[in-house]
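S.K.: the following block contains a protein sequence and its predicted model.
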Amino acid sequence: MREHRILNKPAALMLAAALCSVLLSACNSNDNLAGSAVGGDNNGAVAAGNNDTAADASLDNTEPIIEITAWDQPAPDDPGKPFIESRFKLFEELHPNIKVKHVEAFQTNVREKFMTAVAGGEGPDVMEQPFPDMQLYMQKGIAADITDLMNRSPDKSRFIDGAFDLAMKDGRIYGIPSFMYSSGLLYNKSMFKNAGIVSPPKTWDEFAEAAKKVQQHNPDTIGFDILGMDWADWHFEYYVWQAGGDLTELQPNGTVKLMFSSEAAVKALQYYKDLKWTHKVTQKNVVQDYNENLRDFYTGRSAMILGSSDSFGNFLKQGMKAEDIGFTPFPVGPSGRAPSQVGGNFWMLNPKSTPEQQKAAFEYAMFFLSKEHMEAWAQFCLDNGFAINPLSIVKDFDVTKWVKDLPPDYVAAVQATAKDKHLEYYLKSSLSSYLVKPIQRILLDPSADPATELKAAEALAQKEVIDKYNSDILAGSK
């Protein structure tokens, strides 16, 4: 199933050009496998369902017919289309009083079309939405408050700790998590073993030392492939978090304050500079394409890269041995924390739907999140050669039964990264290019000063982006 992670960069660059993944019963494929186990949207995810639960929850035939619209129809060329449509049929058999109209979700400019539909009062009753979009939709009142529906559901306790965090506002729940991936440090266990390193680094200092030792004991290798290409701020923000800050700060009135030159950001960029010029543990071409970083890792040239939890299957396909693929939370920085950037999808209901439609839409979404459906989807993935994401959003789906040779420590690390989550910095899509310049300057010029470069970037972004943005926000609030 296809998944487009919404991180303000092409999804293919998140892990690999062909990496497509889904959670719970999530699948990876080089083919166009739909984003959701029920079809998927432009951001895709795999969900799942439980025969017993669905049967118990189904409406009685004597009740009125409830009609709902779901934007989840798979694309015509989706290899998972036959399976997905068989699950549509099963839901209809188990819920004869719920009639679902399926609309294709793989539309060009799906966000714009969704917002247009919402503005016209024709938004879907249920649709999967990515984490970042959920934040906007909650703020704008586009997402229905499903707190009571979820609290009454016996399935609420099945979800992993923190699953609802990114779809909550003021203690209320606005989305049903369907898919999740987390970011962390990927490392080559074999290269670590050759260097006598028994456990992954847990601090910035340990990381630098580990990278140096790996290079010393593994000839012609790189300790760490750093990201200095056009999306350099993507990984850089992780280090700012680890230093105790962020790159922007959303104000109570909706305006944005730039934090490029904050103490945390300067510490993070200085650490980048030290890795390159003091410790000398990065690749020579620090601005190479991210796919080259991935290739360095799965070919055994680089010992460490930053990546996502669902990259395991892709690396297996590229020839890595399962026992060599390590995953661990980011090393902590000066703040003592190392939040993981989390992505994935939530089922979102329409606040303008009737209570009966919301209840039916809730049952529909939960059908694709139950154990029976997840296991059926996992078997489909297994039978068709699609990898399965190691991070399950629910506790009763044992991913180790479906992912061949998945090391227990990998699963434990994935679960650990999901406990401390962080969204990417606000207005990233508009500000990314301004941050890339100081990052690249530091990595290419040993005489460049982190504080000076970041202040210059902040001043330019303030002038060209933030001043107008804040002015528009304030004008709109009058």
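M.R.: Ah, there it is.

S.K.: could you list the low-confidence segments of this structure?
M.R.: 1-62, 106-108, 404, 477-478 (pLDDT under 70).

S.K.: which stretches of it form strands?
M.R.: Assigned by DSSP state E, the chain shows strands spanning 27-28, 66-73, 98-104, 126-130, 168-169, 172-173, 176-188, 248-250, 256-258, 304-308, 325-328, 340-349, 387-388, 421-422.

S.K.: ok, which of these comes nearest residue 273?
M.R.: Set against residue 273 and scored by C-beta to C-beta, the strands of the chain come closest in strand 304-308, at 17.3 Å. The way it works is simple: take the backbone N, C-alpha and C, and place the C-beta from them, glycine included.

S.K.: buried set for that closest one?
M.R.: 304-308 (16 or more other C-beta atoms under 10 Å).

S.K.: could the residues you listed go into a markdown table alongside distance to residue 68?
M.R.: A markdown table is the format used below for those (distance: C-beta to C-beta, whole Å):
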| residue | distance to residue 68 |
| --- | --- |
| 304 | 47 |
| 305 | 43 |
| 306 | 40 |
| 307 | 37 |
| 308 | 32 |
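
S.K.: who does the residue positioned nearest the centre of the chain form a beta bridge with?
M.R.: For the chain, residue 343 is the residue whose C-alpha lies nearest the centre (C-alpha atoms, centre = their mean; 1.9 Å). On the basis of DSSP bridges, residue 343 takes part in beta bridges with residue 181.

S.K.: which residues does the lengthiest helix in the chain contact?
M.R.: Longest helix in the chain, counting residues (DSSP state H): helix 428-444. With contacts defined as C-beta atoms under 8 Å, 6 or more residues apart in numbering, helix 428-444 is touched by 8, 226, 228, 230-234, 236, 247-248, 258, 260, 269, 272-273, 276, 282, 286-287, 425, 448, 450, 453-454, 456-458, 460-461, 464-465, 469.

S.K.: mind checking which of the residues you listed land in helices?
M.R.: 232-234, 236, 269, 272-273, 450, 453-454, 456-458, 460-461, 469.

S.K.: which two of the residues you listed have the greatest separation?
M.R.: 273 and 469 (30.0 Å).

S.K.: more neighbours, the two?
M.R.: The neighbour count for residue 273 versus residue 469, taken as other C-beta atoms under 10 Å, is higher for residue 273 (21 against 16).

S.K.: residues near the closest residue to that one other than its chain neighbours, how many?
M.R.: Using C-beta to C-beta, 6 or more residues apart in numbering and skipping residues adjacent in sequence, the residue nearest residue 273 is residue 442, 4.8 Å away. Neighbours of residue 442 under the rule other C-beta under 10 Å: 26.

S.K.: for residue 460, see how far away residue 442 is.
M.R.: Remark: distance between residue 442 and residue 460 (C-beta to C-beta, to the nearest Å) = 16 Å.

S.K.: now do the same contact list for residue 143.
M.R.: 129, 134, 137, 167, 174-175, 348-349, 351.

S.K.: scratch that, residue 287
M.R.: 228-229, 440, 443-444.

S.K.: again, but for residue 145
M.R.: 172-174, 351.

S.K.: buried among these? Need that as a selection in PyMOL.
M.R.: Only the buried entries of those go into this PyMOL selection, using 16+ other C-beta under 10 Å:
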select buried, resi 173+174+351
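
S.K.: farthest pair in the contacts of residue 145?
M.R.: Counting by C-beta to C-beta, the most remote pair of the contacts of residue 145 is 173 and 351, 13.0 Å apart.

S.K.: still on that earlier bit, for the residue nearest to residue 273, give its distance to residue 204.
M.R.: Residue 442 is 16 Å from residue 204, by C-beta to C-beta.

S.K.: before we move on, what about residue 135?
M.R.: Taking C-beta to C-beta, one finds residue 135 at 29 Å from residue 204.

S.K.: comparing those two, which residue is more hemmed in?
M.R.: residue 204 (22 against 18).

S.K.: next one: stretch 454-462 to chain centre, how far?
M.R.: Relative to its parent chain, stretch 454-462 has a centroid offset of 28 Å by C-alpha atoms, centre = their mean, to the nearest Å.

S.K.: list the buried residues in stretch 236-254.
M.R.: So for stretch 236-254, counting by 16+ other C-beta under 10 Å, buried means 236-248.
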